[in-house]
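Engineer: Fold the following for me, if possible:
(2 chains)
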Amino acid sequence: MNDKTVIRIKFAKDGVMKFVGHLDTMRYFQKAIRRAGLPAAYSKGFHPHMLLSFALPLGVGVTTEGDYFDLELDCDKQQINTDSMLLSLKEQMAVGTDILDIKLLEPKAKKAMAAVTAATYKVSIFNLSKDRDYQALIREFMGQNEIIIEKKTKKSVRTLDLKPLIYEMNLTEFDGFQTDIQMTVSAGSNDNIKPQLVMEHFLKSFSEEIDDYSFKIHRIDLLSVDESGKRVPLNSIG
Amino acid sequence: MHTGNLALPDEILMSVEKAARYIGNEINHVKKDPASVDIRYALCFPDVYEIGMSHLGIQILYEMFNQREDVYAERVYSPWMDLHKIMKERNIPLFALESQDPVKNFDFLGMTLQYEMCYTNILQILDLSQIPLLSEERTDRDPIVMAGGPCTYNPEPLAIFFDIIYIGEGEMQYDALFDLYKEMKSSGSYTRSSFLHDAAKIPGMYVPSLYEAEYNSDGTLMAFNRQFDDIPQTIKRQVVVDLDNSYYPTRPVVPYVQATQDRMVLEIMRGCIRGCRFCQAGMVYRPTRQKSLETLKRYANEMMESTGYDEISLSSLSSSDYENLPELVNFLIDECEKKRINISLPSLRIDSFSLDVMKKVQDIKKTSLTFAPEAGSQRMRNVINKGLTKEDILSGSKKAFEGGWNKVKLYFMLGLPGETEEDMEAIPQLANDVAALYYETVPKENRHGRCQITISSSFFVPKPFTPFQWARMYDGEEYSRRAHIVKSTLLEQLNKKSLHYQWHPTDVTVLEGVFARGDRRVGEVILKAYKNGAIFDAWSEYFDYDIWTNAFEECGVDPDFYTMRERGKDELFPWDFIDTGVTKRFLRNEWERAMRGEVTPNCRAKCSGCGVASYKGGVCVER
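Structural biologist: Down below sits the predicted model:
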């Protein structure tokens, strides 16, 4: 029986805060929660820690408008006012981070980390050649039956078919200087695909050297699946 | 491409370790419009961000300076080596964190000097800021470069690098300095040299360029004189007499990168009543001054609210001597339990009170009990005036073992004046007795494996303004020999399997000794060493003793002159022009008592007339 009170907090991080790594970001939110006076629950023992868990780490340099962490609270469900909690926590934010949404989870909701199945990214590349039809190239890339790549892990190299792990890929902006490609890829504890990996193989498919370009990566949202198997944002389940 | 106001472009930040060291924007940082102030001050801790952000002194000055509407104080720390190389290659000037503006455009650059091994980092800061390293080469366009902190009690090795050296506690004279600067700038009478000359008249401000050192043929100091009659011949250490009414930072800046001291710091007391003869802090922070319980409770609450830290620690030289310690600790335990904040206890004298407290806040299975006997034999402990007896250590350990502890850490120094081999051997013998006591006290069924007694020894470095400032040091080989005596005696002990020994590096010790009691001629060596690649000397991965050996040779300076010599009774020291309040006569008297093995009582037991009663504060007026 699960009688824990857990809220799911959606946050944004950009500007100079993109240089703050995942662990440092966690510590930052813990302190903000304490300053805001939210009734966080703690583990037992000599050095009790806040029961906070993030859905998916965010790499250094990556911005986001759709990341989440779950926070266990030490109070009655009836006492929870997510609107006022959101305002209190928002007040404690440094420039570059923001609290977008707070949702009280159902008792049987999956933990954020376990619930993540996909992520939507916007990748911006600068100074790509103007002479190509990138939407057509994307269609060609995604039109293949398979995209076999080599993925390096800590211990070895394994082959992987990228195709089924890229759910969507579209050109959303192309002004000759900046090219934006939006993609939804598999994410989470199984088959976590980094957008850089997709971009590397996409660019290679029409033989561009990835190293010649600078990227900006922005995470738009983290997704899970609902009962019907449809992909939905992480805070619309549970 | 630059993000926000950052001085460094994204591609550089993405290529270095811990980019968040260089972005500022931390909770509680101060944001002002630089154009709206009259004075821009760059406060610097010359080491990497995580070390600098743990330092309380900068936090105090940062908040204090920013209280003035006409001053904007920002922070700057040493870039780590990866960024240092890039900045040198691409000629990127060092910038302050808040505005990301180049430090060379500021009015003042002030550095806090907490330990001698950061000296090459001072030059790194100046170098990266593109400010001339030598004071005499700076022009009106360059910031005024200042220093403060404990190393200023012998500022002479750094005399050629700093424009002004502030001696004493920083809360006192900065307003006068800022008012002078403003006045001269607005009246049009400002020139670098006229400003420095007038600054030299402010108490506590030492302007090295206005004083001259002359030497005897044997290398000792012959004379040290002011070059003008209207500046003081002696510089008086500045002391905040009433700590309750002085500035304390209740909104410390909270770093994103995990600092070495990743917690709230509550300074409870300044100074120490014990008078251990090796300890410089115990002499230069006299008289002992406590903060009131009410003040501390208020600070603690304000800091908890403004930072959200989950841990708080107490800072003082000897927390057990804080008279309201039980009430303070109990208050913190109650408050912290409510707010789920951990308490990090400093080293406390081991008695039933402290054991009780430690049990409440620490996991005793994981933490060590700490004692600092500093010397192995009672004779040696009397020489250094460290009152801890073997009985204290054993009875404290016994209580701790009964309470469930099984780890003890013992701190010692080797190379103390008059040390004999018996004294060295007494170190592991004492540790062995503590281990034996464990096995006598704790029945087999209650033990969780062996106890662990760790001996840690450093090598004694004589410091200015201590009774031991006349003492000699030894060379690296001799220090190693002494450490080996301890090690081999340890291996002869019955309980050797429960004993572990760590000792400090010897070459760093020798260099520290040169800087601690060096004179102006050492400055050239520091400059040469930096130019030859010495940097981050406090970090074992970067410290390279060969660079220093070569620098001494190239400059024709003999390091042994500063380390191996016992000083003459009437020798003039490079730091004698500073008046700390503690008289040289008292220190010499203490030296002679040390030679006779006589103990001096603590300030509360009996006043020994050291001289700081002239400040009319703290423990001197408590009775």
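
Engineer: Which helix or strand contains A:I102?
Structural biologist: Applying DSSP states H and E as the criterion places A:I102 in strand A:97-104.

Engineer: Just to check, B:P467 is in contact with B:A594?
Structural biologist: Yes. Contact criterion C-beta atoms under 8 Å: B:P467 and B:A594 qualify, at 6.0 Å. For the C-beta atoms, the positions are set from N, CA and C on the backbone; glycine is no exception.

Engineer: Buried ones in stretch B:127-141, by neighbour count?
Structural biologist: Buried residues in stretch B:127-141, defined by neighbour count with 16 or more other C-beta atoms under 10 Å in any protein chain shown: B:D127, B:L128, B:S129, B:I131, B:L133, B:S135, B:R138.

Engineer: shared neighbours of B:P467 and B:A594, which are they?
Structural biologist: B:R277 (C-beta atoms under 8 Å, 6 or more residues apart in numbering or on different chains).

Engineer: Where does the closest residue to chain A within the stretch 51-200 of chain B fall, secondary structure wise?
Structural biologist: The stretch 51-200 of chain B approaches chain A most closely through B:Q100 (9.5 Å), counting by C-beta to the nearest C-beta. Secondary structure assignment for B:Q100, by DSSP H and E: no helix or strand.

Engineer: ok, B:Q362 - contacts?
Structural biologist: A:F46, B:L345.

Engineer: that older thread, so which pair among the buried residues of stretch B:127-141 is furthest apart in space?
Structural biologist: The distance between the two most remote of the buried residues of stretch B:127-141 (C-beta to C-beta) is 17.6 Å, for B:L128 and B:S135.

Engineer: Within its sheet, name the partner strands of the longest strand anywhere in chain B and how each one runs.
Structural biologist: In chain B, assigned by DSSP state E, the strand with the most residues is strand B:39-48. Strand B:39-48 pairs in its sheet with strand B:71-78 (parallel), strand B:108-112 (parallel), by DSSP bridges.

Engineer: now those as TSV including mean pLDDT?
Structural biologist: Shown next, in TSV, are the strands paired with strand B:39-48 (pLDDT from 0 to 100):
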stretch	mean pLDDT
strand B:71-78	98
strand B:108-112	98
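
Engineer: would you turn those into a markdown table with distance to B:A435 and mean neighbour count?
Structural biologist: Converted to a markdown table, those look like this (distance: least, C-beta to C-beta, whole Å; neighbours: other C-beta atoms under 10 Å in any protein chain shown):
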| stretch | distance to B:A435 | mean neighbour count |
| --- | --- | --- |
| strand B:71-78 | 42 | 25 |
| strand B:108-112 | 41 | 25 |
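
Engineer: Kindly present the ones you listed as a markdown table, with separate columns for distance to A:T97.
Structural biologist: Below are the strands paired with strand B:39-48 laid out as a markdown table (distance: least, C-beta to C-beta, whole Å):
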| stretch | distance to A:T97 |
| --- | --- |
| strand B:71-78 | 21 |
| strand B:108-112 | 31 |
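
Engineer: Find the least confident helix or strand in chain B, judged by mean pLDDT.
Structural biologist: Lowest by mean pLDDT, DSSP states H and E among the helices and strands of chain B is helix B:352-361, with a mean of 83.

Engineer: helices and strands around that helix, which ones?
Structural biologist: Counting contacts by 3 or more C-beta pairs under 8 Å, 6 or more residues apart in numbering or on different chains; DSSP states H and E, helix B:352-361 packs against helix B:325-339, helix B:390-402.

Engineer: what residues does it touch?
Structural biologist: Looking at what lies outside helix B:352-361 - C-beta under 8 Å, 6+ apart - the contacts are A:46, B:320, B:325-326, B:329, B:333, B:342-343, B:345, B:348, B:364, B:367, B:369, B:399-400, B:403-404.

Engineer: Using CSV, write out every CA atom in that helix.
Structural biologist: The C-alpha trace of helix B:352-361 is given here as CSV (Å, rounded to 0.1, in the frame of the first residue of the first chain):
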residue,chain,number,x,y,z
SER,B,352,30.8,13.7,28.7
PHE,B,353,29.0,16.8,27.3
SER,B,354,30.8,16.7,24.0
LEU,B,355,30.4,12.9,23.7
ASP,B,356,26.7,13.2,24.4
VAL,B,357,26.4,15.9,21.7
MET,B,358,28.4,14.0,19.2
LYS,B,359,26.3,10.9,19.6
LYS,B,360,23.2,13.0,18.8
VAL,B,361,24.6,14.5,15.6
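
Engineer: Can you name the element that comes right after that helix?
Structural biologist: Trace forward from helix B:352-361 with DSSP H and E and the next one is strand B:369-374.
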